[in-house]
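Engineer: Give me a model of this one.
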Amino acid sequence: MASDIELLIFDGATPPPELPADAGMVGLSAVLSAIPVTAELVASLTAEAADSDAIRPGWMLRASVSGLAQQLSADRWVLYVAAETFGGPGTQEAVGWHHGGVAYGPAGTCDVPADLAEGYLVAPRADSAINVGLRLMGIHASDGLDEFAAAGLTAHRFTADWRSQ
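Structural biologist: Here you go, the predicted model:
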């Protein structure tokens with residue numbers, strides 16, 4: 001079974017000010033919301049990243065999405081997440097911003113050595129890039145779920161499915 005998600009996750013159920021028109025906010029929980037990073041959203045963005053520390057060559061995060069995340073993080077945590085799987089094993093990327101600056105990452109992890117890309121680490125699922133980023137935001141695993149599942153990220157396997165929620 002495959003999956004491919006790319007989201008900006010932020011704390012709080014209230015939308016950040018000046019949310020782009022093509023940003024469809026979805027609730028993940030009482031304490032988390034997300035913006036699916038769709039082709040439409042990316043096409044509508046003009047801001048470049050003011051802080052290029054978040055951008056790694058060959059990784060999924062684009063400068064315009066980084067710029068949006070940095071802007072939205074002025075008064076909250078914002079975590080960029082990208083995850084791809086194919087038949088089980090996969091890769092994850094995460095970068096977190098807080099108060100307008102990079103506070104976590106960029107972090108890239110994979111499940112198996114065959115998926116290693118430059119800058120990635122092989123990590124157990126509990127220490128994946130996304131799980132660590134979610135822990136920094138205050139989300140903790142419980143009842144046999146990792147942070148990815150506890151945050152509600154298992155609800156959809158593809159970014160487009162988040163938009164249609």
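Engineer: wouldn't residue 158 be in contact with residue 36 here?
Structural biologist: No. With contact defined as Cβ atoms under 8 Å, residue 158 and residue 36 do not form a contacting pair (9.5 Å). (Each C-beta comes from the backbone N, C-alpha and C, glycine too.)
Engineer: The two: who's more crowded?
Structural biologist: Taking neighbours as other Cβ atoms under 10 Å, residue 158 and residue 36 compare with residue 36 leading, 23 against 14.
Engineer: who's the more buried one bridged to?
Structural biologist: On the basis of DSSP bridges, residue 36 takes part in beta bridges with residue 7.
Engineer: show me what contacts residue 11?
Structural biologist: Residues near residue 11 by Cβ atoms under 8 Å, 6 or more residues apart in numbering: 31-32, 76-77, 137-138.
Engineer: what ranges do the helices span in the chain?
Structural biologist: 39-44, 63-72, 129-136, 147-150, 159-163 (DSSP state H).
Engineer: Does the longest one pack against any helices or strands, and if so which?
Structural biologist: What it means is helix 63-72. Applying 3 or more Cβ pairs under 8 Å, 6 or more residues apart in numbering; DSSP states H and E, one finds that helix 63-72 contacts strand 2-11, helix 39-44, strand 77-86, strand 90-98.
Engineer: Out of those, which is closest to residue 55?
Structural biologist: Among the helices and strands packed on helix 63-72, the nearest to residue 55 by Cβ to Cβ is strand 90-98 (8.7 Å).
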